[in-house]
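> Predicted coordinates and the sequence they were generated for:
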Amino acid sequence: MRVQRWLIVAGVALTATIAFAQVGRGGSQWPTAQADAQRTSWIRTDSKISVDALSKPGFELQWKVKLENQARGPYGLSQGVSASGVTLFVPMSIVTGSSNNVFALDNDTGYVVWQRHLAGALPAVTSECPGGMTAATRIVKLDASATAGGGGINFGGGNAGYRSVIGEPGQGVPLEGRGGRGRGGGAPPAAGAAPGAARGGAPDAARGGAPGAAAPGQPPAARGRGNQPAADRIPGTPPAPEAGGFGFLARPSGVAYVIASDGVLHVVGLASGKDLQRPAEFLPPNAKWSAPIGVNTMLYAATSGTCGGAPDAVWAIDLDSDAKPVVSWKTNGGPVVGAIAFTTDGTLIATVGPGQANGDGKANAIVALDPKTLQLKDWFTQPDAEFVTGPTIIRQNDKDVVAAATKDGRVLLLDASSLGGANHATPLHASKPFIGAGGSVSGSALAAWQQSNGPSWILLPLKDGIAALKLSGSGDAVSLESGWESHDVPSPATPLIVNGVVFALALGTQATTPARSSRAALHAYDGVTGKQLWTSGQAMTGMASPGSLWSTLGQIYVGMRDGTLYAFGFNDERSPFVVK
């Protein structure tokens, strides 16, 4: 008995030591596109990356891996999401490809832990509608704590999330053909109809009721589950152990939410890649949609460009309801631009581009929507404010400030609690244009960060570089002033900030003659002074996929059109238990 007890204690101690060695090296995570619910592309702290560390030699290419994916127009690999300690020892990234492919990679080595191809027909590629869109997100906290370090062990239960009504745990759920998939068959919906409206013979509201409501015959406990979820439980899984559930094996750290090109949502286990819940119809098939995001028990995305017949709209699906009801808000005007964002109190913010507004529709506007019902709460609009980026939200003293850029290079700042004032047309501040003749705003998003004990910054990607703008003032008297500019990053993606270091990615260009083409390149700058600290030089070949730039655990990742993924970082000690 003494020997058995000693072995158990020693095993637990060894496990804890190895796990600490694995997850303690970096501490930061990237749970969704642009890092957090506010879409800042900012990791607050990191134990490896800093201005001082990047000022010295040692940051270099760690590994590269070629993933099996077919490019769709300019799109190859998307921006990944990450999790530490998924299988107790292995920090991982989930990366999706533009042709219904999903990959799980060991962050240390680039080893492909698993890969999966999702069902869904791929339409012909056009300049406006690439088709084959695939993306992943995880549940994101509104306070952005997932990007602020810590790096504790996240036990991800790979097979515990199944419901008894859909099959045996661990076996996955087969997806029937589109005409028979869903809840009882039925004809496919008309073009542009809400997903599920005609497939089961009844609208979503009839099937699932209001978000969080129980279907007829459900016990009261199930009715309350959607409104009062445990803070660490995967939406839709059984309750905590004291209520007869699976407990830590059903935490959100153990899953990723993946949308395939047919608009179907998959809840996949990070350890296995298998469906942990029945796939649910979410978006119209072959739509062009923005980066999805999960907040509390809801998952969101926006569609634009009428691809696949989808309207310009914001969509939400209730993850905690068995019926998975879907609600939407249609702009009835311009397209939704970029990704949607959330204020720290949970209000959904979306940017709407130019168009002809019908009735109470919106164009050249920024809107605030209720996060459960997607009902319009507030808006800002100006006829000449042609927005070209999604919203980015940064906390300035005691106020959430919404920032978005216009086609002429201005950055508008709005009070999130009253977007346009009493007349819905008055911003807190409208900057001067930051582009010259023939210039343009590059990328579909801004980035933002705050100095420790200093001012906040907004980064604007331009045609040939990055403009860093300093945010000053408080209350209703906020303004932007020029900080620094970099002119050596042609066609940049939205930059990201890690612990005060700005990383900017030049996507690369393809010309008719090879001599005029350029390869992708990654650059690092001091976020306060703009001094260049590092560049990848000729390390990457080909062109980067738009938006495929993210960071976690002290590394920076760049995804390419041809399916190659590059990881840059410092050579540090790695546990001998890491898979090589």
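Received the coordinates, thanks. If you're wondering where the values come from, they're calculated on a predicted model, not measured in any experiment. Residues are numbered from 1 along each chain as shown.
> ok, the nearest residue to Ser50 once chain neighbours are set aside to Tyr525 distance?
Counting by C-beta to C-beta, 6 or more residues apart in numbering, Asn499 is the residue found nearest to Ser50 once chain neighbours are left out, at 5.1 Å. In short, each C-beta sits where N, CA and C put it, glycine included. Taking C-beta to C-beta, to the nearest Å as the measure, Asn499 falls 13 Å from Tyr525.
> for Gly76, same thing?
Taken as C-beta to C-beta, the span from Gly76 to Tyr525 is 26 Å.
> Same check on Ser440?
21 Å.
> and what of Ala291?
Counting by C-beta to C-beta, the gap from Ala291 to Tyr525 is 24 Å.
> And Ala53, by the same measure?
Counting by C-beta to C-beta - Ala53 and Tyr525 are separated by 14 Å.
> quick one, which of the two is more surrounded?
Tyr525 (28 against 18; other C-beta atoms under 10 Å).
> who does the more buried one bridge with?
Val502, Gln532 (DSSP bridges).
> Report the contact partners of it.
466, 484, 486, 501-502, 504, 531-533 (C-beta atoms under 8 Å, 6 or more residues apart in numbering).
> Model confidence for it, exactly?
pLDDT recorded at Tyr525 is 97.
> do the one 3 residues further on as well
Turning to Val528, the model gives it a pLDDT of 96.
> how deep is it tucked in, by neighbour count?
17.
> Now it. Nearest residue, chain neighbours left out?
That would be Gln451: by C-beta to C-beta, 6+ apart, it lies 6.5 Å from Val528.
> Pretty sure Ala468 is one of the things the one you found touches, is it not?
No - using C-beta atoms under 8 Å, Gln451 makes no contact with Ala468, being 11.4 Å away.
> Between those two, tell me which one has more neighbours.
Ala468 (22 against 12).
> So for that one, what's the pLDDT?
With respect to pLDDT, Ala468 has a value of 95.
> next one: Arg251
pLDDT, read off for Arg251, is 58.
> residues shared between the contacts of Gln451 and Ala468?
Shared contacts of Gln451 and Ala468, counting by C-beta under 8 Å, 6+ apart, come down to 457, 527.
> So which residues of the stretch 351-500 of the chain form strands?
365-369, 376-381, 392-396, 399-405, 411-415, 429-430, 447-450, 456-461, 466-474, 477-486, 496-498 (DSSP state E, counting those that start in this stretch).
> Pro91 is nearest to which of those strands?
Relative to Pro91, the nearest member of these by C-beta to C-beta is strand 496-498, separated by 15.8 Å.
> So which elements touch the closest one?
Helices and strands touching strand 496-498, by 3 or more C-beta pairs under 8 Å, 6 or more residues apart in numbering; DSSP states H and E, are strand 42-43, strand 447-450, strand 501-506, strand 544-552.
> how does it look with 10 Å?
The contact analysis (3 or more C-beta pairs under 10 Å, 6 or more residues apart in numbering; DSSP states H and E) places strand 496-498 against strand 42-43, strand 447-450, strand 456-461, strand 501-506, strand 544-552, strand 555-560.
> Comparing those by mean pLDDT, which bottoms out?
Among those, strand 544-552 scores lowest, with a mean of 89.
> okay, the angle between that one and strand 501-506?
160 degrees (axes from the mean of the first three to the mean of the last three C-alpha atoms, to 10 degrees).
> just use 336 as the starting number from now, easier for me
Got it, first residue is 336 now, which makes that one strand 879-887.
> Mind listing the strands strand 879-887 pairs with, and their directions?
strand 890-895 (antiparallel).
> I'd like the mean pLDDT over the helix or strand following the strand it pairs with, please.
Counting by DSSP states H and E, the element after strand 890-895 in chain order, helix or strand, is strand 899-905. Averaged over strand 899-905, pLDDT sits at 95.
> Please compute how far strand 899-905 lies from its chain's middle.
Centre-to-centre, strand 899-905 and its host chain are 19 Å apart (C-alpha atoms, centre = their mean, to the nearest Å).
> Mutual contacts of Ala388 and Tyr860, please.
836, 868-869 (C-beta atoms under 10 Å, 6 or more residues apart in numbering).
> ok, back up a step: check the residue nearest to Ser385 and give its pLDDT.
95.
> and if you look at Leu457?
Per-residue pLDDT puts Leu457 at 81.
> Report the contact partners of the closest residue to it other than its chain neighbours.
Distances taken as C-beta to C-beta, 6+ apart place Gly467 nearest to Leu457, at 4.7 Å, with adjacent residues excluded. By C-beta under 10 Å, 6+ apart, Gly467 lies in contact with 404-408, 410, 432-436, 455-458, 460, 595-597, 621.
> Kindly report the same for Leu412.
So Leu412 contacts 402, 404, 406, 430-433, 436, 438, 469, 879-880, 882-883, 892-900 (C-beta under 10 Å, 6+ apart).
> who does Trp449 bridge with?
Beta-bridge partners, per DSSP bridges, of Trp449: Ala439.
> ok so, going back, in TSV, list the shared contacts of Ala388 and Tyr860 along with distance to Thr686.
TSV is the format used below for these (distance: C-beta to C-beta, whole Å):
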residue	distance to Thr686
Val836	27
Leu868	32
Trp869	32
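> Going by neighbour count, which of these comes out on top?
Once you tally neighbours by other C-beta under 10 Å, Val836 ends up highest among those, having 26 neighbours.
> Surely it is in contact with Thr864?
No - between Val836 and Thr864 there is no contact under C-beta atoms under 10 Å: 11.5 Å.
> just to revisit the earlier point, assign the residue nearest to Leu457 to helix, strand or coil.
Applying DSSP: H, G, I helix; E, B strand; the rest coil to Gly467 yields a three-state assignment of coil.
> Now it: phi and psi?
In terms of degrees, to the nearest 10, the main-chain angles of Gly467 are phi 70, psi 20.
> and what of Ala481?
Residue torsions, per degrees, to the nearest 10, at Ala481 are phi -70, psi -20.
> what sits against it?
Contacts of Ala481 (C-beta under 10 Å, 6+ apart): 363-367, 370-372, 378-379, 417-418, 473-475, 588.
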